[in-house]
Structure formats: structure tokens, C-alpha cells
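> got a predicted structure here, sequence first:
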Amino acid sequence: MLRNDEMKLGLFLGQAGHHEGAWLDPGVPANGGVDIDHYVRLAALAEGAAFHFMFLADSPSVIERDRATIARTSRNDGFEPITLLSALSSKTQDIGLVATATTTYYQPYHLARMFASLDYLSQGRAAWNIVTSGFESEAENFGEKELPDHDTRYARAREFVEVVRGLWDSWEDDAFIRDKKSGIFVDTTKLHVLNHRGRYLSVRGPLNIARPPQGHPVSVQAGSSDPGIEFAAEFGEVIFTAAPFLEQGKRYYANLKEKARALGREDNQVLVMPGIVPIVGRTRREACEKLQRLQSRMHTDVEIGLADRLLGFVADLRSIDLDSLVPEALPQTNLIQSRQKLLLDLAAREKLTWRQLIRSISDSKGQLMVVGTPAEIADVMVDVFDQRAADGFNVMPATLPDGLKDFAELVVPELRRRGKFRSRYAGQTLRENLGLKRPLNRFAQASVNDRP
């Protein structure tokens, strides 16, 4: 199907930046994770550049396993995403606000209410990054001894999303008439009680807030395992993935669109936005020097801890010969299976030793990294976009705020000169700016269909 020739851009908001050594950069505030003014400045930079949304990842736990890694890692001192984005909704006007929340340990009523509230606070700019929990440390924070298996997590997620969407449809769009003359606040003929009884969840409803401005806040998803891709094809409207190679990205894009199409969905209603880590320099040498400075600040404990986590805690990286080749396979993890597979594929493709793979993970975490001038970075982005490996990108600056400032001031104008990125916001809501349709209320639609 036809698509707009302009790419979509999101900003991935790490506390200090995407690189694990970012917090040690002199230009990065050490307390940025809990500094609202830091986030306000980042939001202003992104909104000034007409980014479509800001994206906040999250895990409700400390995910590192050993204190040596925890000691040197900056991520364990940050705001809860919905809380932070609710605060930023009053400091921004146009940019979308994407919060991550897990279906494994939240309850659907809570999340439905919080995201509906965020959608109202932002006047229609909220989005939910739907995830299943991927770390054993999360289970123990919610009274469980171990993480449910991978397929069970996705089965619960599917039911969870259906419940949340059903709760958002509790009231028809015009149910709350608020008529002081008649004394009628709400037309109860337009109230629908969900009464869900399923395998994993039991939720009566209705939700005690009107239907969100967008109907449903935008659904973001990052599925790349086989169950994850099936889930993304069914529910995802914006798909965040890791695609470090063009051919791999093209396969993922085509596969996902085909699966979504088979479910009756339109191509332009399922937007694939892989991550990109741009290291921008006015010359290539300057860009390379920026990366080298980040690498020089990385401690071995952090590098090994990060690689161990992304590979699923199935290899003892502190005892193996780091100069030996990475094997083609490792024991399958119950954690983030798609990232383990992607990293092993990377190692096999490049014939990497463990030391080389650990360094690569440290730099990009398996995402597409481009080190170069604004024109060189734009070349890669346009090529990936034009070859149908992406509808846009989730930009993951290595450091914040400087990496974002470099991208906004140097790469965005280059994309605009090529006609590949917009210069202003066109719509009022995130859905409108992404070109996504506003969903119909399932109950109101059923009522129409039932009429003689």
C-alpha cells in the first residue's frame, strides 16, 4: 500500500543516553534520572525538532544481578514512566508521550485508568508501550518466585490488552452530556459493562473515566520473537525493533506487514520503527572520537554485566576465554529471547570473539549504530526507509542532551532537505500525527450492527 514519503521519528529517552558510559560524560547531568528539568529540556529539544513522540522504557526492578555492575550503572535511579510523562504533558503541546508498562505484573484496570488519564492530561498524546516482563527480578517484586514462561507471558498479554481496550470502551464518546439544566450528567444507555472472565483475568468494569480523546491511546510494541511478532501484528500500531542490518530489517518489515495484512489490518496502520544510535560529528573523525571517548569510560564489570543480561544470563562471561569465537548457539533463555538470537546472529555474521561481541553490545545493545557526519547518517536512514525496512526510527542518542541536540540541529535539517521529514506538527493528537485511525467503540459499533 502507499505510504507517506516522510519518515516518523521517536526519541528514546534513557536517563543519560543509550550508551552505558553516558552518565560519565561531562555534558550529562549525573542526577538526570530524577531531574524533571532535565527531561523538560529534552522534551523541548525533541518537540522543537517535530519528533512524533518521546519513548520511555522501563522495568519495575533492578535488573542487574551483581553489585559490581549495579555500582557503576546509572539506570537504577529514575522516574516511573507514566508519572514522568504526566508531568511533561503540561510542559509540551504536540509531542507524543509513550510510557512502558508490563502486562505481566500490572492489573488491567489500573493501566486502563492511568493511560486514559494521561491521554486527557496531554489532550490526546498518550501511547502505551506494551511489554511482557523479561527479568526474574521483577517476579520477586510481585510475590512470585520465578518469571512465567515466555509463551504464558504472551498469552496473558493478549488477554490483558483486550481487557484494557474493552475498559476504554466502557463509555461511548458522547456518553457524558453534563447537562446542568436537566440534571443529567451521563447518559447511561451509552454505558457498557465489560464483565470479562478469562483464563488469566477477571474484570467487571466499567472504567470510571470517559473514553480517552484518542479512543484508545496508541499501542506500541516491540515483539521480535515468534510469539512477539504475532502479538505485534495483531495489536501493535507502532513497532519498535532492533535491526542492525538492512537485509534483516527488510525481512522483519515484510514479515510483520504480511502477518498484519492477514489479520485485515492496513499497512499504514502498523508502523515499523527500529532503533538507531547516531553518533554525529561534523566530520567522521569527530564522530569516531566521540565514540572512543564513550568507550574509554566503560568499566569491564558494566560491559560484561550488560552482555550477560542481553544474552539472557545463560553464559558465565566472567570465566570464559574472551578471545575465543562466540558459539553459534547458547541455551535458550526464558528472558528476552529475540535479543539473544539477534546478538548470536550478529556474532556469527561478523565471526566475532566474545571480547568483540561484548564491546559491540556495549556500544549499541544490538541496535543499528551509525557513526559519521549528518549526511552519512541521513544516507543510512533514507536507504533503510526507502528499501522498506522501516517507516521511521526510534532515535537513541548515545548521550543526553548533547547527542539529541546534535541530531536535532544537524541530522534533522539534512532529512528535511531530502524531503524525508516534516518541519511541523500537522495534527492535534498523536494518532493524527502518525496517520493512525481513531478506533471505533466496540460496544457502540455492535449496537449499530444489531439494529434491524
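Thanks, I have it. Residues are numbered from 1 along each chain as shown.

> any chance you could map the helices in the stretch 301-450 of the chain?
337-350, 354-364, 374-386, 402-406, 412-417, 430-434, 442-450 (DSSP state H, counting those that start in this stretch).

> list the buried residues of the first one.
Right, the one you point to is helix 337-350. 337-344, 346-347 (16 or more other CB atoms under 10 Å). Just so you know, the C-beta spots here come from the backbone N, C-alpha and C atoms, and that holds for glycine as well.

> now what about that helix, what contacts it?
With CB atoms under 8 Å, 6 or more residues apart in numbering as the test, helix 337-350 has contacts from 150, 223-225, 228, 242, 244-245, 248, 310-312, 314, 325-326, 328-330, 332-333, 352, 356-357, 360-361, 366.

> drop anything exposed from these.
Neighbour counting with 16+ other CB under 10 Å marks 150, 223-225, 228, 242, 244-245, 248, 310-312, 326, 333, 352, 356-357, 360-361, 366 as buried within the contacts of helix 337-350.

> is it correct that Gly32 is in contact with His38?
Yes - if you go by CB atoms under 8 Å, Gly32 and His38 touch, sitting 4.3 Å apart.

> which of these two has more residues huddled nearby?
Neighbours per residue (other CB atoms under 10 Å) separate Gly32 from His38, with Gly32 holding more: 23 against 18.

> distance of that one from Phe79?
10 Å (CB to CB, to the nearest Å).

> also Thr103?
To Phe79, Thr103 is 21 Å away according to CB to CB.

> ok so, going back, any shared contact partners between Gly32 and Phe79?
Counting by CB under 8 Å, 6+ apart, the residues touching both Gly32 and Phe79 are Tyr39.

> any weak-confidence spans in the chain?
Counting by pLDDT under 70, the chain shows low-confidence ranges at 1-2, 335, 446-452.

> that one: strands as residue ranges?
Ranges of strands in the chain, per DSSP state E, are 8-12, 53-56, 96-102, 126-131, 196-197, 202-203, 218-221, 238-239, 271-272, 275-280, 368-372, 392-395.

> among the ones you listed, which is nearest Glu138?
Among the strands of the chain, strand 96-102 comes nearest to Glu138, with 7.2 Å by CB to CB.

> which ones are touching the residue nearest to His192 when sequence neighbours are not counted?
Nearest non-adjacent residue to His192, counting by CB to CB, 6 or more residues apart in numbering: Phe443, 3.8 Å away. Contacts of Phe443 were listed using CB under 8 Å, 6+ apart, and they are 169, 172, 192.

> how near is the first one to Leu194?
Just to be clear, that refers to Asp169. According to CB to CB, Asp169 and Leu194 sit 8 Å apart.

> and for the second one?
To Leu194, Glu172 is 14 Å away according to CB to CB.

> neighbour count: these two, which is higher?
Leu194 (22 against 19).

> tell me who's in contact with the closest residue to Arg309 other than its chain neighbours.
Once flanking residues are discounted, Arg309 sits nearest to Ile63: 6.4 Å by CB to CB, 6+ apart. Ile63 is in contact with 135, 137, 309, counting by CB under 8 Å, 6+ apart.

> try 10 Å this time
69-70, 73, 75-76, 134-138, 305, 309, 335 (CB atoms under 10 Å, 6 or more residues apart in numbering).

> reformat those residues as TSV; add distance to Phe12 and neighbour count.
Formatted as TSV, those follow (distance: CB to CB, whole Å; neighbours: other CB atoms under 10 Å):
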residue	distance to Phe12	neighbour count
Thr69	22	21
Ile70	22	16
Thr73	17	19
Arg75	13	18
Asn76	18	13
Gly134	17	23
Phe135	19	21
Glu136	25	17
Ser137	22	16
Glu138	21	19
Gly305	21	23
Arg309	18	20
Leu335	20	20
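
> going by distance to Gly96, which of those residues wins?
Lowest distance from Gly96 to the contacts of Ile63 (CB to CB) belongs to Arg75, with 22.8 Å.

> ramachandran angles for that closest one?
Dihedral pair for Arg75: phi -80, psi -10, per degrees, to the nearest 10.

> list the contacts of it.
Contacts of Arg75 (CB under 10 Å, 6+ apart): 14-16, 20, 23, 33, 57-59, 62-64.

> which of those residues are buried? Put it as a ChimeraX command.
To isolate the buried ones among the contacts of Arg75 in ChimeraX, judged by 16+ other CB under 10 Å, type:
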select :14,15,16,20,23,33,57,58,59,63,64
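
> for the contacts of Arg75, which one is nearest Leu436?
When the contacts of Arg75 are compared for distance to Leu436 (CB to CB), Ala57 wins out at 21.3 Å.

> quick check: closest non-adjacent residue to the closest one.
In space, and not counting its chain neighbours, Ala57 is closest to Thr100: 5.2 Å by CB to CB, 6+ apart.

> what about that neighbour, distance to Ile82?
Distance of Thr100 to Ile82, computed by CB to CB: 9 Å.

> about what we covered before: nearest to Lys181 among the buried residues of helix 337-350?
Ranked by distance to Lys181 (CB to CB), those are led by Ser338 at 57.1 Å.

> hmm, back to that, most tightly surrounded among the strands of the chain?
For the strands of the chain, ranked by mean neighbour count under the definition mean count of other CB atoms under 10 Å, the leader is strand 238-239 at a mean of 28.

> distance of the closest residue to Phe160 other than its chain neighbours relative to Asn268?
Nearest residue to Phe160, sequence neighbours excluded (CB to CB, 6+ apart): Thr103, at 4.0 Å. From Thr103 over to Asn268 the distance is 26 Å, taken as CB to CB.

> which of these two has more residues huddled nearby?
Legend: neighbour count by other CB under 10 Å for Thr103 and Asn268, higher for Thr103 (25 against 16).

> isn't that one up against Gly134?
No - at 11.7 Å, Thr103 and Gly134 do not qualify as touching, with contact defined as CB atoms under 10 Å.

> quick check: neighbours shared by those two?
With CB under 10 Å, 6+ apart, Thr103 and Gly134 have common neighbours Arg153.

> related to what we said a few turns ago, quickly list what's touching both of Gly32 and His38.
Residues touching both Gly32 and His38 (CB under 10 Å, 6+ apart) are 15-16, 400-401.

> nearest to Arg211, of the residues you listed?
Arg211 lies nearest to Gln15 out of the shared contacts of Gly32 and His38, by CB to CB, at 33.7 Å.

> spatially nearest residue to the closest one (excluding sequence neighbours)?
Distances taken as CB to CB, 6+ apart place Gly33 nearest to Gln15, at 3.7 Å, with adjacent residues excluded.

> report the separation between that neighbour and Arg72.
15 Å.

> and if you look at Pro213?
Separation of Pro213 from Arg72 (CB to CB): 43 Å.

> ok, Arg355 next?
In terms of CB to CB, Arg355 sits 19 Å off from Arg72.

> pick out whichever of the two has more residues nearby.
Remark: of Arg355 and Arg72, Arg72 carries more neighbours, 20 against 14, as counted by other CB under 10 Å.
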